[in-house]
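Visitor: pasting a predicted model and its sequence here:
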Amino acid sequence: MNDKKTKRKNGSAGPATPAGAVGGPMDVGMVEKLVRLMKVNDLTFIEVAEGDRRILLKRGGETVTTFAAAPAPQPSAAAQKAAAVEPPNEDEGLIPIKSIMVGTFYAAASPEAPAFVSVGSKINADSDICIIEAMKVFNTIKAECSGTIARVLVTNGQSVEFGQPLFLIKP
Amino acid sequence: MFSKILIANRGEIALRIIRACREMGIKTAVVYSTADENAAYLKLADQAICIGNPPPGDSYLRIDRIMSAAEVADVQAIHPGYGFLAENDHFAEVCRECKIEFIGPPVSAMAALGDKVQAKKIARKAKVPTVPGSEGAVDDEKIALKIAEEIGYPVIIKAAAGGGGRGMRVAHNNVSLRAGFQAARAEAENAFKDSTVYIEKYVEFGRHVEVQILADNHGNTVHLFERDCTLQRRHQKLVEESPSPVLREDVRQDLCAAAVRLVKAAGYTNAGTVEFLVDKDQKFYVLEVNARIQVEHPVTESITGIDLIKEQIRIAAGEKLGYSQKDIKRSGHAIECRINAEDPARNFAPCPGTILELRLPGGPGVRIDSHVYAGYRIPPNYDSMIGKLIVHRPTRELAIATMRRALREFHISPIQTTIPLHQQIMNNSNFLSGDVDTGFIERSLLGK
């Protein structure tokens, strides 16, 4: 069975795809995401396979078809790319805290200490949010804004550069 | 040999160093400011690290961030390029203290030669002729007047910490000396945070001839002949060529030997350039030593076949020069034209902006050192040089003919550049006969 991923723009003909029987519960969330993806990128046809599941969507009034295929290999690059190019709706309205230094990011004051902040932590301008170490000097970084930590974008021990987003804050 | 080097510079010289490292199998990390974040040359390095906002003081001059980047990138050496921190002896010291090799001369040599007053003292010791002038710094206008009268007008007032043609004033009499003295001090204070100035005899109708040297850490120092950089505008070089079209062979040999003597006396290692002023009788005087790789290094690479960036890296890694003076031969004639994004019609006002069309010249004997391409946005924060066009041919006549054709092929739009000025130069009878001096461009071609 052909499980090649295809994305077609603006009406060019896709391969003939027989509608098959539906097998197993439909992943509505995935379908919703794909529909959003198609709208944002102005696609008229999208086909995604994952495991033994395949979803085919066509825009412009045609039926949505989903059916189970024979066991297929791992999620394709296109499926992963589909997830990646998904419009980051969850990140709308979030403010990034960017690094003002080059160095190594540490989430806590020491390996045994708890992290300064995590998702959900409330912060104000004076809150310590992380340490950036440069040339053996450990610099405690202040938030310089207030809100709630929505996402932590870097991991403990990761090298960071100037301007690199470290956290996303919900103001 | 180093396994990874950090390049603390930008633009065409960063690209040049990336290329040398790539051929040597050395990994590269390059720093960049946000103004350069989309530059394509960054992708040719193995790693690129953002170190700050566009102003050089927030990025390319930030020693702390550059050292952090070196640590994060885990490099063994830093190449500073030219400009920025290349001749900053404090930066060289910090690098070496952090056990990261600085690809350049020892701190002591750099510090001694970087101060133009100090450099003159070393020159006198090495029996290298210096331009008659003040023994050291001149703080007082009265002393300035006295010295000027002793050495005879015209004189030039120069900033001790200066470079790139700034902090200089020529005076032809007492009135212009008084005005120039104050102005030069103010400009020096503003540009270099150091108002120290000294006074020299101004050699009118002089030629600027510089000698490339290389020295390893094992006591070997060689010269790679001279470059004639007489064609300048506002003390900034426009065209460089080798060999000098007018220098007698005996003068050439004396000049090059003097350069080697001088850098040896200063304990200098790695690549450097000794700048001389040559008067109309072919008497030469040392002006200064540039303790770095220079913009016009491709001219010397062309006539000697020696890759100067690779030699810098090898010397810094502790290798011996693989050759002696007698092994270094020159062949043919090379000319370089600096292509600046400046509008000759608007007094060379800088032209930052996006290049929409670019067609580069090619064919036999043509070399382009440039980081730009169609779609590249020239940032307004840095110098206006966008590339160097170098030709190398068996004779000067052929080199000029090839340069003319290459300039004609060079198409760039909508950015204005100095290409039309270079075309004028390549068709100018004085240039063709070699009868030019450092004031020639401004006097004859620009009618100032």
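Guide: Sure thing, it's come through. Numbering: from 1, shown residues only, chains lettered A, B, ... in the order given.

Visitor: going forward, measure contacts between C-alpha atoms and count neighbours the same way
Guide: Noted.

Visitor: residue contacts, B:Asp437?
Guide: The neighbours of B:Asp437, taking CA atoms under 8 Å, 6 or more residues apart in numbering or on different chains as the test, are B:205-208, B:230-231.

Visitor: can you check B:Asp216 too?
Guide: Contacts for B:Asp216 were tallied using CA under 8 Å, 6+ apart; they are B:269-270, B:315-316, B:318-321.

Visitor: before we move on, back to that, and the contacts of B:Asp437, which is closest to chain A?
Guide: The shortest distance between chain A and any of those, using CA to the nearest CA, involves B:Leu231 and amounts to 40.5 Å.

Visitor: isn't the closest one right up against B:Arg443?
Guide: No. Here B:Leu231 lies out of contact with B:Arg443, judged by CA atoms under 8 Å, at a distance of 11.3 Å.

Visitor: number of nearby residues for the closest residue to B:Val203 other than its chain neighbours?
Guide: Excluding the flanking residues, the one nearest B:Val203 by CA to CA, 6 or more residues apart in numbering or on different chains is B:Asp279, at 6.7 Å. Neighbourhood size, B:Asp279 [other CA atoms under 10 Å in any protein chain shown]: 16.

Visitor: quick check: pLDDT value at B:Asp279.
Guide: With respect to pLDDT, B:Asp279 scores 92.

Visitor: ok, it touching B:Gly206?
Guide: Yes. Taking contacts as CA under 8 Å, B:Asp279 lies within contact range of B:Gly206: 4.6 Å.

Visitor: buried set for stretch A:120-127?
Guide: Of the residues in stretch A:120-127, those buried under the neighbour-count criterion (16 or more other CA atoms under 10 Å in any protein chain shown) are A:122-123, A:127.

Visitor: let me redo that: stretch B:9-29
Guide: Going by neighbour count (16+ other CA under 10 Å), the buried part of stretch B:9-29 is B:9-21, B:26-29.

Visitor: tell me if it is near chain A.
Guide: No. In terms of CA under 8 Å from any CA of the partner chain, no part of stretch B:9-29 sits within range of chain A; the closest distance is 12.4 Å.

Visitor: so what touches that stretch?
Guide: With CA under 8 Å, 6+ apart as the contact definition, stretch B:9-29 has outside contacts at B:2-8, B:30-32, B:41, B:44-49, B:60, B:73, B:75, B:79-82, B:84, B:295, B:309-310, B:369-371, B:386-387.

Visitor: chain A next: which of these are close?
Guide: When contact is defined as CA under 8 Å from any CA, those meet chain A at B:Ile49.

Visitor: now the contacts of stretch B:9-29: which count as buried?
Guide: When burial is judged by neighbour count using 16+ other CA under 10 Å, the buried members of the contacts of stretch B:9-29 are B:2, B:4-8, B:30-32, B:41, B:45, B:48-49, B:60, B:73, B:75, B:79-82, B:84, B:295, B:309-310, B:369-371, B:386-387.

Visitor: so how many other residues sit close to B:Asp281?
Guide: Residues within reach of B:Asp281, counting by other CA under 10 Å, total 7.

Visitor: helix/strand/coil for it?
Guide: Under DSSP: H, G, I helix; E, B strand; the rest coil, B:Asp281 falls in the coil class.

Visitor: quick check: longest helix of chain A.
Guide: Taking DSSP state H as the assignment, the helix of chain A that covers the most residues is helix A:28-41.

Visitor: in the next helix-or-strand element following it, what counts as buried?
Guide: Beyond helix A:28-41 on the C-terminal side, the first helix or strand identified by DSSP states H and E is strand A:43-50. Within strand A:43-50, the residues scored as buried using 16+ other CA under 10 Å are A:43-50.

Visitor: repeat that for stretch A:92-110.
Guide: Across stretch A:92-110, burial judged by 16+ other CA under 10 Å covers A:94-109.

Visitor: low-confidence stretches in the stretch 301-448 of chain B?
Guide: B:447-448 (pLDDT under 70).

Visitor: closest one to A:Val154 out of the contacts of B:Asp216, please.
Guide: Nearest to A:Val154, judged by CA to CA, of the contacts of B:Asp216 is B:Ala316 at 36.0 Å.

Visitor: any idea how far the nearest residue to the closest one once chain neighbours are set aside lies from B:Asn88?
Guide: Counting by CA to CA, 6+ apart, B:Ala316 lies nearest to B:Ile103, which is 5.4 Å off, once chain neighbours are set aside. Shown here: B:Ile103 relative to B:Asn88, a distance of 12 Å by CA to CA, to the nearest Å.

Visitor: settle it for me: which of these two has more neighbours?
Guide: Counting neighbours by other CA under 10 Å for B:Ile103 and for B:Asn88 shows that B:Ile103 has the greater number, 28 against 17.

Visitor: and the helices in the stretch 1-150 of chain B?
Guide: Listed in chain order, the helices found in the stretch 1-150 of chain B under DSSP state H, counting those that start in this stretch are B:11-24, B:63-73, B:89-97, B:107-114, B:116-125, B:141-151.

Visitor: what's the answer for chain A, then?
Guide: Taking DSSP H as the test, the helices found in chain A are A:28-41, A:77-85.

Visitor: least confident of those, on average?
Guide: For those, the stretch scoring lowest in mean pLDDT is helix A:77-85; its value is a mean of 48.

Visitor: quick check: mean pLDDT across the longest helix along chain B?
Guide: Assignment by DSSP H gives helix B:174-192 as the longest helix of chain B. In this model, helix B:174-192 has an average pLDDT of 89.

Visitor: and the next element down the chain from that helix?
Guide: Once helix B:174-192 ends, the next helix or strand along the chain (criterion: DSSP H and E) is strand B:197-201.

Visitor: elements contacting that next one?
Guide: Of the remaining helices and strands, those touching strand B:197-201 by 3 or more CA pairs under 8 Å, 6 or more residues apart in numbering or on different chains; DSSP states H and E are helix B:141-151, strand B:155-159, helix B:174-192.

Visitor: save the ones you listed as CSV, and put in mean neighbour count and distance to chain A too.
Guide: Putting these into CSV (neighbours: other CA atoms under 10 Å in any protein chain shown; distance: least, CA to the nearest CA, whole Å) gives the following:
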stretch, mean neighbour count, distance to chain A
helix B:141-151, 16, 46
strand B:155-159, 26, 34
helix B:174-192, 18, 26
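
Visitor: tell me the one of the buried residues of stretch A:120-127 nearest chain B?
Guide: For these, the closest approach to chain B (CA to the nearest CA) belongs to A:Ser127, at 23.4 Å.

Visitor: quick check, pLDDT for that closest one.
Guide: Looking at A:Ser127, its pLDDT stands at 96.

Visitor: just checking, it touches A:Ala143?
Guide: Yes. Under the criterion of CA under 8 Å, A:Ser127 makes contact with A:Ala143 at 5.5 Å.

Visitor: state the phi and psi torsions of the residue nearest the centre of chain B.
Guide: The structure's chain B has its C-alpha centroid closest to B:Gln294; by CA atoms, centre = their mean the separation is 3.7 Å. As for B:Gln294, its main-chain torsions (degrees, to the nearest 10) stand at phi -110, psi 160.
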